[in-house]
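Student: quick check, what structure comes out for this input:
(one chain, ligands or ions: 1)
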Amino acid sequence: MNARDRYWQLLTYIRPQKTIIIQALLCTLVFTAMWPVLAWLAGEMAKPIALGQVAAIAKLAGIAALAFLVQKIAQYGQDTLMAKAALAIAFQLRTQVYSHLQRLSLSYFETAQSGDLAYRITEDIDRIGEVVNKAFHQFLPSVLQLIVVLGYMIYLNWQLTITILIIAPVMAILITWFGERIRKLSYRSQGNVSNLSALLVEVFSGMRLVQAFAAEDYMLGLFSREAEQNRLARYKTEKLKAIQAPVVGSLEAFALLFLLLFGGWQVSTQNITGSDFVSYLAAVIMLIDPIALVTGNYNEFKQGEASIDRVFELLSMQPTVVEKPGAALLPSVTGKVEYRNVGFAYKSEQPVLKQLNLLALPGEAIALVGHSGAGKTTLANLLMRFYDPQDGQILVDGIDICDVTLPSLRRQIGIVPQETILFSGTIAQNIAFGQSNLDLDAIKTAAKIANADQFIVEFPEGYQTWVGERGVNLSGGQRQRLAIARAVLLNPRILILDEATSALDSESEALVQQALERLMKNRTVFIIAHRLATVRRADRIVVLEQGSVVESGTHTELLNKEGRYARFYAQQFQD
Ligand SMILES: Nc1ncnc2c1ncn2[C@@H]1O[C@H](COP(=O)(O)OP(=O)(O)OP(=O)(O)O)[C@@H](O)[C@H]1O
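Tutor: Presented below is the predicted three-dimensional model:
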């Protein structure tokens, strides 16, 4: 991204805060203007002090105190207003990036690292806020001060000033050169920290695996390699900054020396008076602070630009699954689902589904069986529109699912996944996941149907028991029953049941099976089946092989046929 686009895009976030920023700048103006006033008052006080006029001293001291107070109030104003504006910008950017990410298709999250995304939304956006704050709080006032003081110097002696200014382009070139290198290094080191946090998220959530495989040293190796990269990039940045200061400082010293020589010569030839030359030197001293601030800010902006790029990169990502413009709401469906000549590949060269046809009638329970990788999960993914097929159509109640809005489609399909994911929150919140108004009676009824109520009420805090990270540990069977309760509460006409592969003890298994049976009643169900009991209970079994339906019928019909299902059954279930 080039500098213009980068700041242009940032400007759209700054603009809404312009009133606050203008107020902050007015405060800065008052704050700065008080400096010469105070200096002038000090000079004025020198006179009555010399004459011993106490009343006059007191009067001037009073005015000085007032000016001082005004200055401090203005300082408070500029600090709080600028912080307010910068934080508002960061807030707006943060919520927008978050909501943008939520709209991206699942395929994006399969390759993105969660720790990296989290880092960009937290740290990088903080840094952007800091850049905005510094730009208006330090950079702009310093530039103003530079212009005013330089103007005064030109007014005093333009020949001298122009001669000194010859050095300015050299300084500018040096500063930009350093700045550009710092930006590049910063992009790299921010990336390293992102990778680090991505690694940490993986390690901490997979600590079980790390310890079970005694892979601590291996993971430490990965971690320290990334940390070392970061150390190097950061060290290079700091070294660059450390070289920059003396280089720029030497140039300044050189300019000062030149000034003294040239100025002294001008005084001796009476081109400039001695007192004007003293004022001139005083003005030169007033340049030092703003030059240091402008250079320092410039480096920080360059580091900030790396963060801006990293954040806007996220905003430029486009979802692959999109709603058509003016997509309609899918009305309440009866649950008829039809796959028509569906062809699909995750990666273009590897087709997963080929010319697949399948019709599920309302209320029908279909067990999808087939070898691992046959495409069972993919079939379900397409119905949810996590991906769109490259060929063919999927219709629900005769409506192409590509013609309706995503939420109106997804809210009518329930999923009971293999692994139940629980978010940090109470059991009640987890059952009613996604709903902000909790209807506790409905939640309890759903839990009862899902055979979950009996274990929930045994916790001292019942439905208010905290689960998810830092919450109570639930067994596999209990988690499954919570997932079933979620689906019962949602009450969808279409259900996808991804059966867990891990076996439960027989009591827990019986409870889960009973709950599933109640859930499946009167719904169209696609079961990604791993258990014989489930397969037998289905109205129809559909056998997938290499992305196509190769057989379809009831358990008995297919066994009698002695075809693929019979062979599959013999391999998988008969023991
Ligand atoms: N997100 C993905 N990106 C790329 N390829 C994928 C993705 N998900 C699945 N695949 C591939 O698509 C094929 C079908 O996978 P799918 O998960 O649908 O099979 P399945 O029948 O559900 O298998 P299993 O019973 O093992 O879950 C496999 O070859 C798999 O490697």
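
Student: how many neighbours does residue 197 have?
Tutor: For residue 197, the count of nearby residues is 21 (other C-beta atoms under 10 Å). All C-beta spots, glycine's among them, are computed from the backbone N, C-alpha and C.

Student: does it touch residue 118 like I think?
Tutor: Yes - here residue 197 reaches residue 118: they are 6.4 Å apart, a contact under C-beta atoms under 8 Å.

Student: any idea how far residue 146 is from residue 472?
Tutor: Noted for residue 472: a distance of 62 Å to residue 146, by C-beta to C-beta, to the nearest Å.

Student: then residue 27?
Tutor: 20 Å.

Student: neighbour-wise, which of the two wins?
Tutor: residue 27 (20 against 17).

Student: which residues touch that one?
Tutor: Contacts for residue 27 (C-beta atoms under 8 Å, 6 or more residues apart in numbering) come out as 74, 75, 77, 78, 81.

Student: try 6 Å this time
Tutor: Applying C-beta atoms under 6 Å, 6 or more residues apart in numbering, we find residue 27 in contact with 74, 77, 78.

Student: contact residues of the chain facing the ligand?
Tutor: Taking C-beta under 6 Å from any ligand atom as the measure of proximity, the chain contacts the ligand at 110, 346, 347, 352, 370, 372, 373, 374, 375, 376, 377, 378.

Student: could you dump these to TSV with secondary structure and distance to residue 14?
Tutor: Formatted as TSV, the residues of the chain next to the ligand follow (DSSP: H, G, I helix; E, B strand; the rest coil; distance: C-beta to C-beta, whole Å):
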residue	secondary structure	distance to residue 14
110	helix	35
346	strand	41
347	strand	41
352	strand	46
370	coil	55
372	coil	53
373	coil	51
374	coil	53
375	coil	49
376	helix	50
377	helix	45
378	helix	45
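
Student: now these: which count as buried?
Tutor: Buried subset of these (neighbour count, 16 or more other C-beta atoms under 10 Å): 352, 370, 374, 375, 376, 377, 378.

Student: the residues you listed: which two are farthest apart?
Tutor: 352 and 370 (11.8 Å; C-beta to C-beta).

Student: could you list the low-pLDDT ranges of the stretch 101-250 of the chain?
Tutor: Low-confidence segments of the stretch 101-250 of the chain, defined by pLDDT under 70, are absent.

Student: in it, what residue lies closest to the ligand?
Tutor: Among the residues of the stretch 101-250 of the chain, residue 110 lies closest to the ligand, at 5.1 Å counting by C-beta to the nearest ligand atom.

Student: in which helix or strand does residue 342 reside?
Tutor: Using DSSP states H and E, residue 342 maps to strand 337-347.

Student: and that strand, what other elements does it pack with?
Tutor: strand 350-360, strand 391-396 (3 or more C-beta pairs under 6 Å, 6 or more residues apart in numbering; DSSP states H and E).

Student: with adjacent residues omitted, what lies nearest to residue 189?
Tutor: In this structure, residue 189 finds its nearest non-sequential neighbour in residue 233, 3.6 Å apart by C-beta to C-beta, 6 or more residues apart in numbering.

Student: now that neighbour: which helix or strand?
Tutor: In the assignment (DSSP H and E), residue 233 maps to helix 216-268.

Student: which ones are touching residue 76?
Tutor: The contact partners of residue 76, by C-beta under 6 Å, 6+ apart, come to none.

Student: swap in 10 Å and give it another go.
Tutor: Contact analysis of residue 76 by C-beta atoms under 10 Å, 6 or more residues apart in numbering lists 27, 31.

Student: measure it to the ligand for me?
Tutor: Between residue 76 and the ligand the computed distance is 55 Å (C-beta to the nearest ligand atom, to the nearest Å).

Student: state the helix or strand in which that residue lies.
Tutor: With DSSP H and E as the criterion, residue 76 is inside helix 54-103.

Student: how far away from the center of its chain is that helix?
Tutor: Averaging C-alpha positions (C-alpha atoms, centre = their mean, to the nearest Å) puts helix 54-103 29 Å from its chain's average.

Student: burial measure for residue 536, as a count.
Tutor: Each residue near residue 536 was counted by other C-beta under 10 Å, and the total is 14.

Student: these two touch, right, it and residue 556?
Tutor: Yes - assessed by C-beta atoms under 10 Å, residue 536 is found in contact with residue 556 at 9.1 Å.

Student: just the CA trace of stretch 412-425, in CSV.
Tutor: The C-alpha coordinates for stretch 412-425 follow below in CSV (Å, rounded to 0.1, in the frame of the first residue of the first chain):
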residue,chain,number,x,y,z
GLN,A,412,-33.3,-23.0,9.9
ILE,A,413,-30.5,-25.6,10.0
GLY,A,414,-29.3,-27.0,13.3
ILE,A,415,-26.0,-28.7,13.8
VAL,A,416,-24.9,-31.2,16.4
PRO,A,417,-21.2,-31.4,15.7
GLN,A,418,-18.7,-34.1,16.6
GLU,A,419,-16.9,-31.9,19.1
THR,A,420,-19.1,-29.6,21.1
ILE,A,421,-17.6,-26.1,21.4
LEU,A,422,-18.5,-24.3,24.6
PHE,A,423,-17.9,-20.6,24.9
SER,A,424,-17.0,-19.0,28.2
GLY,A,425,-20.4,-18.3,29.9
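
Student: average pLDDT for it?
Tutor: Regarding stretch 412-425, the rounded mean pLDDT is 88.

Student: going forward, the N-terminal residue is numbered 57.
Tutor: Fine by me, first position is 57 from now on; the one you just mentioned is stretch 468-481.

Student: in that stretch, which residues are buried?
Tutor: So, applying 16+ other C-beta under 10 Å, buried residues of stretch 468-481: 468, 469, 470, 471, 472, 473, 476, 478.

Student: now the phi/psi pair for the second one, please.
Tutor: Residue 469 has phi and psi values of phi -120, psi 130 when expressed as degrees, to the nearest 10.

Student: excluding its backbone neighbours, what's nearest it?
Tutor: residue 550 (4.6 Å).

Student: quick one: contacts of stretch 101-113?
Tutor: For stretch 101-113, contacts defined as C-beta under 10 Å, 6+ apart pick out 100, 114, 115, 116, 117, 119, 120.

Student: check stretch 267-281 too.
Tutor: Residues contacting stretch 267-281 (C-beta under 10 Å, 6+ apart): 251, 252, 255, 256, 258, 259, 262, 263, 265, 266, 283, 287.

Student: ok, and for that stretch, which residues are buried?
Tutor: residue 275.

Student: starting at the chain centroid, how far to that stretch?
Tutor: 27 Å.

Student: quick one, strands of this structure?
Tutor: Along the chain, counting by DSSP state E, strands occupy 393-403, 406-416, 421-425, 447-452, 455-456, 469-472, 481-482, 522-523, 550-554, 580-584, 596-601, 604-609.

Student: any chance of the ones you listed in TSV, with distance to residue 499 too?
Tutor: Output for the strands of the chain, formatted as TSV (distance: least, C-beta to C-beta, whole Å):
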stretch	distance to residue 499
strand 393-403	28
strand 406-416	29
strand 421-425	26
strand 447-452	27
strand 455-456	31
strand 469-472	15
strand 481-482	10
strand 522-523	14
strand 550-554	19
strand 580-584	23
strand 596-601	33
strand 604-609	38
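
Student: where in the stretch 507-631 of the chain is pLDDT low?
Tutor: 526-527, 557-559, 629-631.

Student: for the ligand, what's its nearest residue on it.
Tutor: As assessed by C-beta to the nearest ligand atom, the ligand sits closest to residue 584 within the stretch 507-631 of the chain, at 6.1 Å.

Student: okay, and the beta partners of that residue?
Tutor: Legend: beta-bridge partners of residue 584 under DSSP bridges are residue 424, residue 554.

Student: list the contacts for the residue most central in space within the chain?
Tutor: Among the residues of the chain, the one closest to the centroid is residue 177, at 3.1 Å (C-alpha atoms, centre = their mean). By C-beta under 10 Å, 6+ apart, the contact list for residue 177 reads 149, 150, 151, 153, 154, 157, 367, 370.

Student: closest to the ligand out of the residues you listed?
Tutor: Closest to the ligand, out of all of these and judged by C-beta to the nearest ligand atom, is residue 157, at 18.0 Å.
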